[in-house]
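K.L.:
what follows is a protein structure lacking sequence information:
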């Protein structure tokens, strides 16, 4: 969703694959178009995402860009491979275009 919502949010989950498969049971294969992004690495608990988003959005505005699409989050390390929240690592990507 392009705006903040408390409930009924729209989430799209993407995962890199080696080759395209056949669409089945709500799973769809598609190629994502290349985009220019402002990217920032967030280390730590997900509860601290708002500060990281504020940082990157401030950078976007101060550097003459605007948000072109919904942000993306790439979860690199998390609860599935690291029990210590302070070591979780997420890349936040904000698609850009010149303002």
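P.N.:
Good, I have the coordinates. Here the structure is a predicted model, which is why all the values come from computation and not from measurement.

K.L.:
list the pairing partners of the worst-scoring helix or strand of the chain on mean pLDDT within its sheet, with orientation.
P.N.:
Ranked by mean pLDDT, DSSP states H and E, the weakest helix or strand in the chain is strand 72-77, scoring a mean of 92. Here strand 72-77 is paired, per DSSP bridges, with strand 89-98 (antiparallel).

K.L.:
which parts of the strand it pairs with are buried?
P.N.:
90, 92, 93, 94, 95, 96 (16 or more other CB atoms under 10 Å). Where C-beta positions appear, they are placed from N, C-alpha and C, glycine not excepted.

K.L.:
nearest to residue 14 among those residues?
P.N.:
The shortest gap between residue 14 and any of these belongs to residue 93, at 11.3 Å (CB to CB).

K.L.:
pLDDT wise, what is the closest residue in space to residue 44 that isn't next to it in sequence at?
P.N.:
Counting by CB to CB, 6 or more residues apart in numbering, residue 44 lies nearest to residue 86, which is 5.4 Å off, once chain neighbours are set aside. Note on residue 86: pLDDT of 95.

K.L.:
quick one: residue 86 and residue 28, what's the gap?
P.N.:
Using CB to CB, to the nearest Å, one gets 36 Å for the distance from residue 86 to residue 28.

K.L.:
dump the residue contacts of residue 79.
P.N.:
Listed by CB atoms under 8 Å, 6 or more residues apart in numbering, the contact partners of residue 79 are residue 88.

K.L.:
is it fair to say it lies in a helix?
P.N.:
No. Residue 79 is assigned coil when assessed by DSSP: H, G, I helix; E, B strand; the rest coil, not a helix.

K.L.:
done for today, thanks.
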